[in-house]
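S.K.: Below are the sequence and a predicted model for it; my questions follow.
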Amino acid sequence: MPRAAVDDNKRMNLRVSPAVKEKLVRAAALRNTDLTNFVMQSALREAEAVIQAAEVLKVSERDYKRLLDLLDNPPPPNDRLLAAAKALPERR
């Protein structure tokens, strides 16, 4: 399970090796931006990709049509499903 993010202030500190910082500064310069903006924009793109991958389920058109068909025309419950439903506590 993912750990909860803690946002206790507006600042973020990173420790990087001189070689990593040099590469980031060079890339920022090639994009005509400062280091902070470059790192923030790069991190935001990656964050969006991670969230997208975690929250969006991609299926083929065939599977999508099958899913819609099953929602419109569900199969009858089998014995295991009926037994599971009977095992549920009563709702009041």
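M.R.: Everything's here; your move. Residues are numbered from 1 along each chain as shown.

S.K.: Would you mark the buried spots in the longest helix along the chain?
M.R.: In the chain, taking DSSP state H as the definition, the longest helix is helix 35-55. Within helix 35-55, the residues that count as buried by 16 or more other CB atoms under 10 Å are 38-39. Where C-beta positions appear, they are placed from N, C-alpha and C, glycine not excepted.

S.K.: For it, give me every contacting residue.
M.R.: 14, 24-25, 27-28, 31, 33 (CB atoms under 8 Å, 6 or more residues apart in numbering).

S.K.: ok, so what distance separates Glu48 from Gln41?
M.R.: 11 Å (CB to CB, to the nearest Å).

S.K.: Phi and psi next, for Ala27.
M.R.: Main-chain dihedrals, Ala27, degrees, to the nearest 10: phi -60, psi -40.

S.K.: Leaving out chain neighbours, which residue sits closest to it?
M.R.: Phe38 (6.2 Å; CB to CB, 6 or more residues apart in numbering).

S.K.: Among the contacts of helix 35-55, which one lies nearest to Pro74?
M.R.: Nearest to Pro74 among those is Leu14, at 51.1 Å by CB to CB.

S.K.: how about that closest one, secondary structure?
M.R.: Following DSSP: H, G, I helix; E, B strand; the rest coil, we place Leu14 in the coil state.

S.K.: Counting neighbours, what do you get for it?
M.R.: 9 (other CB atoms under 10 Å).

S.K.: Tell me which residue is most central in this protein.
M.R.: Ile51 (2.3 Å; CA atoms, centre = their mean).

S.K.: Let me know the pLDDT of that one.
M.R.: Predicted confidence (pLDDT) for Ile51: 96.

S.K.: and it, how far is that from Tyr64?
M.R.: 22 Å.
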